[in-house]
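# Got a predicted structure plus its sequence, pasted below:
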Amino acid sequence: MSDITIDALDKSFGRTRVLHEVSLAIASGEFIAVLGPSGCGKTTLLRCLAGFERLDAGSIAIGGETVSSPRGHVPPERRGVGVVFQNYALWPHMTVARNVAYGLKISGMAKPARDARVAEVLGLVELGDLADRRPADLSGGQRQRVALARCLAMESRVVLLDEPLANLDVHLRGTLEEEFARFHARSGATMFYITHDQAEALALATRVAVMDRGRILQFAPPEQLFREPACETVAGFIGEGRVIAASDLAPTGDGRAHASVLGHPAALRCARGERPRPRARVSFHPGDLHMVPGAQGIAANVLRATYRGAYLRTEVMAGPAGDVPLTLNIPAPASLTQGQRITIALRDGWVLPDRAAS
Ligand SMILES: Nc1ncnc2c1ncn2[C@@H]1O[C@H](COP(=O)(O)OP(=O)(O)OP(=O)(O)O)[C@@H](O)[C@H]1O
């Protein structure tokens, strides 16, 4: 069992409150990502889980055992938690094999068993040939794999990853994303991955916790974050989301609603309990906007159209007053010029729940 329950965690540094009533229930074997802008408290949350920070209030339980609370604190080495840091945290003077073996040695495993285990896990991350190298003679990606091999060797039931791809080039990031997914499948460990990169979070995690200014705004599977953001901040974080005003919201009771968006009727999705109201906020993505023939739709003025291969990324000023900036992707082949007047339609959108509406 390696489920994690974080309950109403508060953490301040001096007078600065960094985490506010953070609660997350993570199932054993889940791969979750914590996504948020720089300074929102992600690393502090990870450090609390690892046992490097004490809590001011609330609790953390791993596998049913309370490991952190204001009354008690299990030290990091007794939590069964492996950590992969951005800077890998490898011992520079030790070879790859000794780096991986170190934790096993400290835990008292005899040398023959240790050597066999190290060879096995280095084989799994395809570093068997580099066992005698030192970290300085490895690429960033190889160092990352040593850090993962260490978690595999220790059979960590929970693996915490702190922006592990932040220092790497785009090509290597893709390869290592696959590596993390394979590691997860092989180890069955509960993965807790923090990042400010939404593409990484959506690609890897089964559920993503979106965090802002020390609070969890929404904890949901990637598709739900994309299609049904809980508030304006989440909507803006995910997939180039955009939020605009709508009026005369009329829900039909089945999770759908009609409303007026930029002066034109639009069919939208909404929560089942949604009520009629004069004003609402609607979130959508560039893919929800379409250019339509004729004049029946939202008038828009082309500001810029950029060729992107399969489509033209098109920025327009739209609406009755021509003052609402929008972005849409128009399938190629197409040709648009600056200043051209076009007509667009919003084909899908999500009505933000009432508490988030302004
Ligand atoms: N030991 C500390 N003492 C005082 N303030 C701290 C300490 N550690 C973090 N902070 C502050 O807490 C806030 C959250 O920092 P944290 O590192 O958790 O954010 P983050 O989301 O991980 O950011 P980044 O993505 O930039 O690493 C920041 O304002 C930071 O300055």
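All right, it came through fine. Numbers count the residues shown, from 1 in each chain.
# Is residue 311 bridged to anything, and to what?
residue 331 (DSSP bridges).
# ok, so what distance separates it from residue 337?
Distance, residue 311 to residue 337, using CB to CB, to the nearest Å: 17 Å. Quick note: C-beta positions are derived from backbone N, CA and C, even for glycine.
# do residue 83 as well
54 Å.
# the more surrounded of the two?
Between residue 83 and residue 337, counted using other CB atoms under 10 Å, the more crowded position is residue 83 (24 against 7).
# wouldn't the more buried one be in contact with residue 50 here?
Yes - counting by CB atoms under 8 Å, residue 50 is a contact partner of residue 83 at 5.4 Å.
# Next, show the common contact partners of these two.
Contact criterion CB atoms under 8 Å, 6 or more residues apart in numbering; residues shared by residue 83 and residue 50: residue 160.
# Just the helices from the stretch 51-200 of the chain, written as ranges.
96-106, 111-124, 140-153, 170-187, 198-204 (DSSP state H, counting those that start in this stretch).
# Let me know which of these is the nearest to the ligand.
With CB to the nearest ligand atom as the criterion, the ligand lies closest to helix 198-204 of these, at 12.7 Å.
# ok, and what's touching the next helix or strand after the closest one?
Using DSSP states H and E, the helix or strand that follows helix 198-204 towards the C-terminus is strand 207-212. Strand 207-212 is contacted by residues 24, 26, 30, 32-37, 40-42, 45, 201-202, 216-222, 225, 233-234, 237-238 when judged by CB under 8 Å, 6+ apart.
# go again using 7 Å as the cut-off
Here strand 207-212 makes contact (CB atoms under 7 Å, 6 or more residues apart in numbering) with 24, 30, 32-37, 40-42, 201-202, 216-222, 225, 233-234, 237.
# Stretch 118-127 too?
Against stretch 118-127 from outside (CB under 7 Å, 6+ apart): 96-97, 100-101, 128, 131, 142, 145-146, 148-149, 152-153, 186.
# Would you mind checking those residues for buried ones?
Buried members of those, counted by 16 or more other CB atoms under 10 Å: 96, 97, 100, 101, 131, 142, 145, 146, 148, 149, 152, 153.
# Now render these as JSON lines, adding pLDDT.
Formatted as JSON lines, these follow (pLDDT from 0 to 100):
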{"residue": "96", "pLDDT": "94"}
{"residue": "97", "pLDDT": "94"}
{"residue": "100", "pLDDT": "91"}
{"residue": "101", "pLDDT": "91"}
{"residue": "131", "pLDDT": "92"}
{"residue": "142", "pLDDT": "84"}
{"residue": "145", "pLDDT": "84"}
{"residue": "146", "pLDDT": "88"}
{"residue": "148", "pLDDT": "81"}
{"residue": "149", "pLDDT": "85"}
{"residue": "152", "pLDDT": "78"}
{"residue": "153", "pLDDT": "83"}
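# Next one: the residue positioned nearest the centre of the chain from residue 337, what distance?
Centroid-nearest residue in the chain: residue 201, 3.1 Å away (criterion: CA atoms, centre = their mean). Residue 201 is 38 Å from residue 337, where distance means CB to CB.
# ok, now residue 53?
Using CB to CB, residue 53 is found at 56 Å from residue 337.
# cool, residue 173 as well?
37 Å.
# try residue 290
Remark: distance between residue 290 and residue 337 (CB to CB) = 19 Å.
# Same check on residue 188?
56 Å.
# Now residue 101. Nearest residue, chain neighbours left out?
Closest residue to residue 101 apart from its sequence neighbours, by CB to CB, 6 or more residues apart in numbering: residue 118 at 4.8 Å.
# Do you know the pLDDT at that neighbour?
On pLDDT, residue 118 comes in at 94.
# Same question for residue 175.
74.
# Tell me how many other residues surround it.
Residue 175, neighbours per other CB under 10 Å, totals 13.
# who touches it in this structure?
So residue 175 contacts residue 141 (CB under 7 Å, 6+ apart).
# If we use 10 Å, what do you get?
Neighbouring residues of residue 175 by CB atoms under 10 Å, 6 or more residues apart in numbering: 141, 144, 145, 165, 168.
# For the stretch 201-350 of the chain, which segments count as helices?
According to DSSP H, counting those that start in this stretch, the helices that the stretch 201-350 of the chain contains are 222-227, 232-237.
# ranking those by burial, who's on top?
helix 232-237 (a mean of 20; mean count of other CB atoms under 10 Å).
# So which elements touch that one?
strand 207-212, strand 215-220, helix 222-227, strand 242-251, strand 277-284 (3 or more CB pairs under 10 Å, 6 or more residues apart in numbering; DSSP states H and E).
# how about these, which one is nearest the ligand?
Closest approach to the ligand among the helices and strands packed on helix 232-237 (CB to the nearest ligand atom): strand 207-212, 7.3 Å.
# could you give the angle of that closest one to strand 215-220?
With axes from the mean of the first three to the mean of the last three CA atoms, to 10 degrees defining the directions, strand 207-212 sits at 160 degrees from strand 215-220.
# strands paired with strand 207-212, and their directions?
In its sheet, and by DSSP bridges, strand 207-212 pairs with strand 31-35 (parallel), strand 215-220 (antiparallel).
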